[in-house]
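Asks: With the input below, show me the fold.
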Amino acid sequence: MKKLLIGALIIVGSVFTAFAQSEVKAKEILAEVSKKYRSYDVIKTEFSYTLENPQAKIKETQSGTLFVRSKVNKYKVILKGQELISDGKNQWTYLKADKEVQLSEVDNSSDALNPAKIFTIYEKGFKSVYTNDTKLNGKVLHNIDLTPLDGKRSFFKVRLQIEKLTKQITNAVIFDKNGNKYTYTIKTFMPNVKVPESTFAFDSKLYPGVELVDLR
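Replies: Next up, the predicted model:
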């Protein structure tokens, strides 16, 4: 009995040690990703966004372009049916089919998500665990799972894939509590592109005939 107890304790200790090492490795990898990302000014990416809900038999995919100023919360997202523009304080949502722009304050709550946050979502409010490495198209990818520390958040897990060589996030999957799965795949990543500051503000002159609805 004593030998069995000692053996069980050794197994438990080994599992705990492995888990702790996985947490440390995840933090080290994410620190490198953050350091490199924050070294850039404006980043341009082409991405795809997929919403899946197997129970409701929903699978929708669309592609878009993202401009983000990495050191501040400024971004512009261009999708087929809409555009999101933020100067860090306000967000303009241009609904193309409705010829309407909705102006609102930027939502900085923990549940608020937009494509620009994919590159920084891990920086606070999560426990991170390194799971394994995989190979895709000749590239080695780190796989890291994030679990929110706040159990009240609408999603329970985020799975990141990070290219080992470039230290860049290539894929992020968000699992919410309603059974939805949101997948962001980074197709291209262009750092330090030159764009005017006006990129991150709404200019009504560029949208003639569009109604502005102030929701602030």
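Asks: The helix or strand where residue 127 lies: which residues count as buried?
Replies: According to DSSP states H and E, residue 127 maps onto strand 126-136. Residues of strand 126-136 classed as buried under the neighbour-count rule (16 or more other CB atoms under 10 Å) are 126, 128, 129, 130. Yep, even glycine has a C-beta here, placed from its N, CA and C like the rest.
Asks: residues touching the nearest residue to residue 204 once chain neighbours are set aside, list them.
Replies: With sequence-adjacent residues excluded and distances taken as CB to CB, 6 or more residues apart in numbering, residue 204 is closest to residue 212, at 6.7 Å. Contacts of residue 212 were listed using CB atoms under 8 Å, 6 or more residues apart in numbering, and they are 100, 101, 103, 204.
Asks: Distance to residue 34 added to the buried residues of strand 126-136, as CSV?
Replies: Listed next are those as CSV, based on distance: CB to CB, whole Å:
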residue, distance to residue 34
126, 13
128, 12
129, 17
130, 15
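Asks: Now flag whichever of the residues you listed is closest to residue 155.
Replies: Of all these, residue 155 sits closest to residue 126, with 10.8 Å by CB to CB.
Asks: Could you pull up the contacting residues of the closest one?
Replies: 146, 147, 148, 149, 158.
Asks: out of these, what pair is the most spread apart?
Replies: Based on CB to CB, the longest span within the contacts of residue 126 runs between 149 and 158 and measures 12.4 Å.
Asks: Looking at the two, which one has more neighbours?
Replies: residue 158 (21 against 11; other CB atoms under 10 Å).
Asks: and after the one helix or strand residue 61 maps to, which helix or strand comes next?
Replies: Assigned by DSSP H and E, residue 61 belongs to strand 58-69. Downstream of strand 58-69, the next assigned helix or strand under DSSP H and E is strand 74-78.
Asks: what angle separates that following strand from strand 58-69?
Replies: Our comparison of strand 74-78 with strand 58-69, counting by axes from the mean of the first three to the mean of the last three CA atoms, to 10 degrees, yields an angle of 140 degrees.
Asks: what lines up beside the helix or strand that strand 74-78 is followed by in the sheet?
Replies: The helix or strand immediately downstream of strand 74-78 is strand 82-86, counting by DSSP H and E. Sheet pairing for strand 82-86, assigned by DSSP bridges, gives strand 74-78 (antiparallel), strand 90-95 (antiparallel).
Asks: in stretch 36-48, what counts as buried?
Replies: For stretch 36-48, a neighbour-count test (16+ other CB under 10 Å) marks 37, 40, 42, 43, 44, 45, 47 as buried.
Asks: That should have said stretch 59-76, apologies.
Replies: 64, 65, 66, 67, 68, 69, 70, 73, 74, 75, 76.
Asks: Would you tell me which one of the residues you listed comes nearest to residue 22?
Replies: residue 70 (27.5 Å).
Asks: element containing the closest residue to that closest one other than its chain neighbours?
Replies: In space, and not counting its chain neighbours, residue 70 is closest to residue 40: 5.1 Å by CB to CB, 6+ apart. Element membership of residue 40 [criterion: DSSP H and E] is none; it lies in no helix or strand.
Asks: Number the chain from 884, please
Replies: That works, and once the first residue is 884, the last one we named lands at residue 923.
Asks: circling back: could I have the CA atoms of the host helix or strand of the residue nearest to residue 1087 written out in PDB?
Replies: Following DSSP H and E, one finds residue 1095 within strand 1094-1097. Provided in PDB are the C-alpha atoms of strand 1094-1097 (Å, rounded to 0.1, in the frame of the first residue of the first chain):
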ATOM      1  CA  GLU A1094     -26.000  58.600 -43.000                       C
ATOM      2  CA  LEU A1095     -24.100  59.100 -39.700                       C
ATOM      3  CA  VAL A1096     -25.800  57.600 -36.700                       C
ATOM      4  CA  ASP A1097     -24.300  58.800 -33.400                       C
END
